[in-house]
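1. got a structure for you, letters missing:
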């Protein structure tokens with residue numbers, strides 16, 4: 001996803017990318033009047049960004065642990 005693009009998520013909220021960061025927008029009604037609402041933006045991972053899996057994270061942790069002095073072989 002490029003900067004300035006947006007899409008609608010499965011749950012109906014908008015996901016927007018701006019400045020290299022993705023945000024999910026939610027509208028909340030604050031009072032009895034329908035015009036009394038606020039829009040919140042929550043940071044989310046951008047679609048297509050690489051995130052290592054748990055197995056890769058555990059392997060990296062084990063390598064760091066093994067490299068420490070006094071660690072068991």
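-> The structure has been received and is ready for your questions. Please read all numbers here as calculations on a predicted model, not as lab measurements.
2. Surely residue 57 is in a strand?
-> No. Counting by DSSP: H, G, I helix; E, B strand; the rest coil, residue 57 falls outside a strand, being helix.
3. so how far is residue 64 from it?
-> 11 Å (CB to CB, to the nearest Å). For every residue, glycine as well, the C-beta is placed using N, CA and C.
4. Please confirm that residue 64 is located within a helix.
-> Yes. Remark: residue 64 belongs to a helix, assigned using three-state DSSP.
5. And it, how close does it get to residue 35?
-> Residue 64 is 54 Å from residue 35, by CB to CB.
6. When the two are compared, which one has more neighbours?
-> With neighbours defined as other CB atoms under 10 Å, residue 64 and residue 35 compare such that residue 64 has more, 10 against 6.
7. Okay, and the residue nearest to residue 41 when sequence neighbours are not counted sits in which element?
-> Closest residue to residue 41 apart from its sequence neighbours, by CB to CB, 6 or more residues apart in numbering: residue 23 at 3.9 Å. Element membership for residue 23, per DSSP states H and E: strand 21-29.
8. So in terms of bridging, what pairs with residue 38?
-> Taking DSSP bridges as the rule, residue 38 bridges to residue 28.
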